[in-house]
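K.L.:
got a sequence here, can you build the structure:
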Amino acid sequence: MWFVNLLQTIPEYFQHIWEELPAHSANPLEASLFIFVAGGWIPFAIAALWTLDHLWVELLEEHWEHHQPNVLLAIDVPRLNEQSPMAVENIFSTLWATGGKPDFIEKYFIGKSAPRFGFEIVSNAGHLQFYVHCREKLRDLVEATIYSQYPNAEIQEVEDYVSSVPARWPNGEYLLGGADLVLKEPQSFPLRTYPAFEHSLSQEFKDPLAAVIEAMNKLGQGEQIWFQIAITAADPDWKKRSEDLINKISGKPVIAHKTFFDTLAELPLLIVNINFHGW
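P.N.:
Below you'll find the predicted structure:
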């Protein structure tokens, strides 16, 4: 009951501010100070809390991830191994099951997050090697998943190839360049998956990585290319965001999925609406 009474006093409070504002409007600085002291600091406080929430979670996650033992596995698959790209999709589907949404304690006090994997192709002077970077405790799962799709594969733990180059940059001996590949459109838009690279008549599969592999094979002495796909199990909320975009494009009603901070940010507008239209 006390909470309802408190909400009922809020419109009166804003009405009082609205009536007092003309007395301070002659001086913009005085008017701004009056609004800030009278409650204008609330949006800034909400924005600060939202920012701190994200920074705190990211800091904890990076600290926790840094203390997780990791291994680098070199993967060798025989050239004559005939397997469809569906095998790789099955590998990713299995690793997706390692995810999970952390509870409140794990998120805000421990920093526990879903495992991260790195699928990497490295060319050193034209010699190609495939790697998987993962947490040490998930090594058995990764190896079993790969063997289930590629029974003749050879997997062994190796030293990180990054140690082959200097740790300090800029460097007088090496030139370094890098880039990130990002989606041009929202993640809900379809990508060209492996069925799109199969010829409709001959049924011949055109490997989309063929051009990349060919370029990496032609490197000279002292040249290296590192290609990494970093993955982690997606939060189930991505489905909701995709459904919202699909509904928006098709003209269907969009169901808003609000967080606590979204609701808190809309509270001033709700109060003003109550003030002008009544309960």
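K.L.:
give me the mean pLDDT for stretch 32-46.
P.N.:
Across stretch 32-46, pLDDT averages out at 71.
K.L.:
give me the nearest residue to Asn219, chain neighbours excluded.
P.N.:
Check again: residue 219 is Leu, not Asn. Residue nearest to Leu219 in three dimensions, not counting chain neighbours: Gly126, with 4.7 Å by C-beta to C-beta, 6 or more residues apart in numbering. C-beta coordinates here come from the backbone N, C-alpha and C atoms, glycine included.
K.L.:
and Asn90, what does it touch?
P.N.:
Asn90 makes contact with Thr145, Ser148, Gln149 under the criterion C-beta atoms under 8 Å, 6 or more residues apart in numbering.
K.L.:
which residues touch the last one?
P.N.:
By C-beta under 8 Å, 6+ apart, Gln149 lies in contact with Gln83, Ala87, Val88, Asn90, Ile91.
K.L.:
returning to what we had before: thought the residue nearest to Leu219 was touching Ile213?
P.N.:
No: between Gly126 and Ile213 there is no contact under C-beta atoms under 8 Å: 10.9 Å.
K.L.:
before we move on, the earlier item: give me the neighbour count for the residue nearest to Leu219.
P.N.:
Residues within reach of Gly126, counting by other C-beta atoms under 10 Å, total 14.
K.L.:
likewise for Leu141?
P.N.:
16.
K.L.:
assess the claim that it and Thr98 are in contact.
P.N.:
Yes: judged on C-beta under 8 Å, Leu141 makes contact with Thr98 at a distance of 7.2 Å.
K.L.:
checking my notes, Pro166 in a helix, right?
P.N.:
No: Pro166 is assigned coil when assessed by DSSP: H, G, I helix; E, B strand; the rest coil, not a helix.
K.L.:
count of residues packed around it?
P.N.:
When counting by other C-beta under 10 Å, one arrives at 12 neighbours for Pro166.
K.L.:
which of the residues in the helix or strand where Asp140 lies are buried?
P.N.:
Using DSSP states H and E, Asp140 falls within helix 139-149. Within helix 139-149, the residues that qualify as buried are Arg139, Leu141, Val142, Glu143, Thr145, Ile146, Gln149, counting by 16 or more other C-beta atoms under 10 Å.
K.L.:
pLDDT value on the third one, please?
P.N.:
Note on Val142: pLDDT of 95.
K.L.:
can you tell me the SS state at the residue lying closest to it once chain neighbours are set aside?
P.N.:
Closest residue to Val142 apart from its sequence neighbours, by C-beta to C-beta, 6+ apart: Cys134 at 5.1 Å. Under three-state DSSP, the three-state class of Cys134 is strand.
K.L.:
likewise for the one 3 residues further on?
P.N.:
Assigned by three-state DSSP, the conformation of Lys137 is helix.
K.L.:
what's near enough to touch it?
P.N.:
Residues in contact with Lys137 (C-beta under 8 Å, 6+ apart) are Pro69.
K.L.:
can you give me the distance of it to Phe117?
P.N.:
13 Å (C-beta to C-beta, to the nearest Å).
K.L.:
got it, and Ala234?
P.N.:
Distance from Ala234 to Phe117, by C-beta to C-beta: 13 Å.
K.L.:
have a look at these two and say which one is more surrounded.
P.N.:
Phe117 (21 against 12).
K.L.:
then the helix or strand harbouring that one to PDB, C-alphas only?
P.N.:
Assigned by DSSP H and E, Phe117 belongs to strand 116-124. C-alpha atoms of strand 116-124 as PDB (Å, rounded to 0.1, in the frame of the first residue of the first chain):
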ATOM      1  CA  ARG A 116      34.800 -19.600 -25.800                       C
ATOM      2  CA  PHE A 117      36.300 -21.500 -28.700                       C
ATOM      3  CA  GLY A 118      38.700 -20.400 -31.400                       C
ATOM      4  CA  PHE A 119      38.700 -22.200 -34.700                       C
ATOM      5  CA  GLU A 120      41.800 -21.100 -36.500                       C
ATOM      6  CA  ILE A 121      43.600 -21.600 -39.800                       C
ATOM      7  CA  VAL A 122      47.300 -20.500 -39.800                       C
ATOM      8  CA  SER A 123      49.700 -20.300 -42.700                       C
ATOM      9  CA  ASN A 124      53.400 -20.000 -42.000                       C
END
